[in-house]
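# predicted structure and sequence below. I'll ask about it afterward.
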Amino acid sequence: MFDIIWRSVAIGIGATVLMDLWAMFLHLALGQPRPNWGPPGRWVWHLREGKVFHDDIAHAAPYAHEQALGWGFHYFTGIVYGFILVALVGRAWLDAPTFLPAFILGMVTIGAGWFLLAPGMGAGWAASKRPNPMQIRAFNVISHTVFALGLYGTALLIR
């Protein structure tokens, strides 16, 4: 049992690290803004009050440690997805990982951002209230594909 737990954690962390390295590459190579985990941290902070949806998270009361909370939430979410993947595909997948289950989960995880986090922070469904929603969606699909590669690649490394 411990073997399944630590491997699930490692797979989630590895995938999240790869996604962050991808974001760093996009920043350095294409000038994309770095991810700002402060707003999601503020959103998580306000969940304790039962407030899920905001008109604009920037207008919500700030939290002194929202950047750290956002980063922690980002990695916690990656770990949860690692557990979900292993729970869905089973222990045998850990010994012989294949890409397809990781890819399917990676695509499904986009929904959490599009239908919970984005509207929760005031960006609308799938970033529909942002000036460039199609660009955001395209980057989401690409980054979650990278996340899926991280799930699969980390599973290969630790099998």
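Arrived safely. Numbers count the residues shown, from 1 in each chain.

# just the CA coordinates of stretch 140-154, formatted as CSV?
The C-alpha trace of stretch 140-154 is given here as CSV (Å, rounded to 0.1, in the frame of the first residue of the first chain):
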residue,chain,number,x,y,z
ASN,A,140,-4.5,25.2,-21.3
VAL,A,141,-4.8,22.3,-23.7
ILE,A,142,-1.1,22.4,-24.4
SER,A,143,0.0,22.7,-20.8
HIS,A,144,-2.3,19.9,-19.7
THR,A,145,-0.9,17.7,-22.4
VAL,A,146,2.5,18.5,-20.9
PHE,A,147,1.1,17.6,-17.5
ALA,A,148,-0.1,14.3,-19.0
LEU,A,149,3.4,13.7,-20.4
GLY,A,150,4.7,14.4,-16.9
LEU,A,151,2.3,11.8,-15.4
TYR,A,152,3.4,9.2,-17.9
GLY,A,153,7.1,10.1,-17.8
THR,A,154,7.3,10.1,-14.0
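
# quick one: average pLDDT of it?
Confidence for stretch 140-154, expressed as mean pLDDT, is 98.

# and it, how far out from the chain's middle?
10 Å (CA atoms, centre = their mean, to the nearest Å).

# elements contacting the longest helix anywhere in the chain?
Criterion DSSP state H: the longest helix present in the chain is helix 2-30. With contacts taken as 3 or more CB pairs under 8 Å, 6 or more residues apart in numbering; DSSP states H and E, helix 2-30 sits against helix 66-89, helix 91-95, helix 133-158. Any C-beta I mention is one placed from the backbone N, CA and C, and that applies to glycine too.
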